[in-house]
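Peer 1: below is the sequence, then the predicted model.
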Amino acid sequence: KTAYELLRSLVGSEMCIRDRLTVWPLIVWQEINYKESSNDLLIPNINYKINPAEIESVENNSIAEEIGFEPGDSIISINGKKPRDLIDYQILISEEILDISVLDTNKQIHNISIEKDTDDNLGINFKNALFDSIKQCNNKCPFCFIDQQPNGKRKSLYIKDDDFRLSFLYGSYLTLTNLNKDDWNRISTQKLSPLFISVHATDPKTRERLLKNEKARKILNQIKWFEQNSIQIHAQIVVCPNINDGKILKKSIYELAKFHKKNIKTVLSTAIVPVGLTKFRPEDDGLIPISKEYAIKTIKQVEKIQTSLQKTIGTRFCWLADEWYLIAGIKLPSYKTYENMPQESNGVGSIRSFLKTLETKTKSLPEKVDKQRKVSWIVGKLVYEALLPTVKKLNSIDGLTINLYGLPSNYWGQDQVVTGLLTGEDLISGLLNKDLGESIFIPSIMLKLNSDLFLDDKNITEVSNKLKTNIHVLDDTNDIINNLIGISNTQKILNYA
């Protein structure tokens with residue numbers, strides 16, 4: 001099996017990486033009964049120090065629970081191999097017989113032998129995806145969102161990851177400028193495919209200008225390498241007005257499309273994303289915000305290219321992020337035009353998909369609710385108009401009133417903002433003294449994964465106290481309607497801070 005086949009049973013593809021990772025100091029642990037394995041070509045013997053892989057949780061009725069693994073225990077090695085990350089781990093546990101070195105919470109080392117079926121998972125979830133250290137970005141892109149934040153927030157917000165393993169595991173984008181020979185070899189050997197690549201421009205001079213890195217010029221040769229090694233990629237172009245738009249954008253799309261051949265589809269899709277700018281960026285960065293007129297112009301250009309590519313290679317190949325249409329005030333394309341939704345996790349077609357789910361869930365609604373109910377649904381201002389038809393349907397239910405609030409972000413200095421960027425400060429300033437009803441509902445994408453923290457480090461309790469109302473978090477898209485109506489019960493998020 002390839003690493004891809006082994007891993008998809010273990011991890012999802014839509015996890016928030018930056019909040020999930022912690023960069024640990026490397027610690028030296030003395031291993032015992034270390035065994036060489038010269039026959040394993042997928043995972044080499046590591047000559048640098050790696051942190052033991054700390055266990056966050058153990059699944060019920062799993063092999064790990066039966067053996068006695070506990071949260072806080074750490075795996076040092078499996079069959080003498082030290083896993084560098086989840087990829088190595090899943091490959092290593094695919095063996096039928098496992099000899100595992102474990103470090104318990106008392107810093108005692110234990111050797112455990114396990115015999116199992118090849119496809120059996122152990123039922124272990126780790127605190128971090130990477131057990132060594134994250135590969136950080138070595139570029140100086142002026143549009144980098146990490147550099148457009150205020151100082152003094154939690155450290156994980158400032159990690160500029162550019163790690164090919166996170167790209168494979170979770171779909172985060174990387175630039176390829178920091179890969180060394182061993183990295184390229186590992187991608188080929190373990191068949192880490194597909195990867196997600198920030199191309200921005202295929203023109204060498206333009207890409208170097210955008211990334212401020214001379215290594216950025218090699219992108220087309222790197223894509224040729226992917227083709228030769230049977231690695232597939234999804235591409236992304238962040239459009240910056242007067243830099244990589246117009247003729248350069250057209251050239252980039254068509255040059256990438258050359259790698260989408262009938263028999264060898266190396267570049268599977270390309271996302272066209274508008275540059276996002278905040279009030280914290282340097283004044284002299286040379287970047288121009290996306291205007292309504294510019295969005296309309298870009299939509300016309302890309303849709304024309306889509307039509308052309310549909311005729312020549314049988315697919316639209318490139319898709320515009322939803323933000324383009326929302327900024328332009330143009331209706332989103334139909335669901336079927338996104339084909340198999342290859343870039344949905346990158347904000348391409350995600351709102352259209354969401355609206356389709358809402359349409360399905362609102363086809364059969366109750367005529368009335370048992371108890372008079374007034375609640376508020378909070379979203380980013382950019383998606384407000386798109387959700388109005390759904391709210392209108394819901395408000396036709398006798399006894400139910402839902403106030404939809406589409407908020408700007410004073411925190412980021414953006415009037416038109418996506419929901420996931422709204423902060424606790426934005427909720428307070430936008431909702432104070434408003435008619436909120438008995439409670440407000442917010443989507444979980446506003447919060448750090450598995451916590452109650454917003455991007456500005458305010459927590460649910462702080463915001464709830466300021467607004468003097470309960471806050472409920474909507475985790476499941478499929479259950480949003482029932483939660484708003486009151487059929488499903490949601491619990492107030494506890495303070496994890």
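Peer 2: Cool, got the structure.

Peer 1: what about dumping the CA coordinates of stretch 147-167 to PDB?
Peer 2: Output of stretch 147-167 as PDB, limited to C-alpha atoms (Å, rounded to 0.1, in the frame of the first residue of the first chain):
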ATOM      1  CA  ASP A 147       2.500  38.600   8.800                       C
ATOM      2  CA  GLN A 148      -0.700  40.600   8.700                       C
ATOM      3  CA  GLN A 149      -1.600  39.900  12.400                       C
ATOM      4  CA  PRO A 150      -1.200  42.000  15.500                       C
ATOM      5  CA  ASN A 151       1.600  41.100  18.000                       C
ATOM      6  CA  GLY A 152       1.000  39.400  21.300                       C
ATOM      7  CA  LYS A 153      -1.400  36.600  20.500                       C
ATOM      8  CA  ARG A 154      -0.900  32.900  21.000                       C
ATOM      9  CA  LYS A 155       2.300  31.500  19.500                       C
ATOM     10  CA  SER A 156       0.600  29.000  17.300                       C
ATOM     11  CA  LEU A 157      -0.900  31.800  15.200                       C
ATOM     12  CA  TYR A 158       2.600  32.900  14.100                       C
ATOM     13  CA  ILE A 159       3.900  29.600  12.800                       C
ATOM     14  CA  LYS A 160       4.500  29.900   9.100                       C
ATOM     15  CA  ASP A 161       4.300  26.300   8.100                       C
ATOM     16  CA  ASP A 162       5.500  25.200   4.700                       C
ATOM     17  CA  ASP A 163       5.700  21.400   5.400                       C
ATOM     18  CA  PHE A 164       5.000  18.900   2.700                       C
ATOM     19  CA  ARG A 165       3.700  16.400   5.300                       C
ATOM     20  CA  LEU A 166       1.000  18.700   6.400                       C
ATOM     21  CA  SER A 167       0.100  19.300   2.800                       C
END
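
Peer 1: and it, what's its mean pLDDT?
Peer 2: Stretch 147-167 comes out with an average pLDDT of 87.

Peer 1: quickly find the element holding residue 462.
Peer 2: Using DSSP states H and E, residue 462 maps to helix 460-467.

Peer 1: so who does residue 397 touch?
Peer 2: By C-beta atoms under 8 Å, 6 or more residues apart in numbering, the residues touching residue 397 are 365-369, 485. For the C-beta atoms, the positions are set from N, CA and C on the backbone; glycine is no exception.

Peer 1: sorry, wrong one. I was asking about residue 265.
Peer 2: Neighbouring residues of residue 265 by C-beta under 8 Å, 6+ apart: 232, 259.

Peer 1: repeat that with 7 Å
Peer 2: residue 232 (C-beta atoms under 7 Å, 6 or more residues apart in numbering).

Peer 1: tell me the pLDDT of it.
Peer 2: Residue 265 is assigned a pLDDT of 97 by the prediction.

Peer 1: show me the shaky parts of this protein.
Peer 2: The chain contains residues with pLDDT under 70 at 1-41, 47, 488-497.

Peer 1: the longest helix in it is where?
Peer 2: helix 292-313 (DSSP state H).

Peer 1: dump it to PDB, restricted to CA.
Peer 2: Listed next in PDB are the C-alpha coordinates belonging to helix 292-313 (Å, rounded to 0.1, in the frame of the first residue of the first chain):
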ATOM      1  CA  LYS A 292     -16.000  45.000  -6.800                       C
ATOM      2  CA  GLU A 293     -15.000  46.100 -10.300                       C
ATOM      3  CA  TYR A 294     -11.800  44.200 -10.200                       C
ATOM      4  CA  ALA A 295     -13.600  41.000  -9.000                       C
ATOM      5  CA  ILE A 296     -16.100  41.300 -11.900                       C
ATOM      6  CA  LYS A 297     -13.300  41.700 -14.400                       C
ATOM      7  CA  THR A 298     -11.400  38.600 -13.000                       C
ATOM      8  CA  ILE A 299     -14.500  36.500 -13.000                       C
ATOM      9  CA  LYS A 300     -15.100  37.200 -16.700                       C
ATOM     10  CA  GLN A 301     -11.500  36.400 -17.500                       C
ATOM     11  CA  VAL A 302     -11.400  33.100 -15.600                       C
ATOM     12  CA  GLU A 303     -14.800  31.900 -16.700                       C
ATOM     13  CA  LYS A 304     -13.800  32.500 -20.300                       C
ATOM     14  CA  ILE A 305     -10.700  30.300 -19.700                       C
ATOM     15  CA  GLN A 306     -12.900  27.700 -18.100                       C
ATOM     16  CA  THR A 307     -15.000  27.400 -21.200                       C
ATOM     17  CA  SER A 308     -11.900  27.100 -23.300                       C
ATOM     18  CA  LEU A 309     -10.400  24.300 -21.200                       C
ATOM     19  CA  GLN A 310     -13.700  22.500 -20.900                       C
ATOM     20  CA  LYS A 311     -13.500  22.100 -24.700                       C
ATOM     21  CA  THR A 312      -9.800  21.100 -24.900                       C
ATOM     22  CA  ILE A 313      -9.200  18.900 -21.900                       C
END
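
Peer 1: lovely, talk soon.
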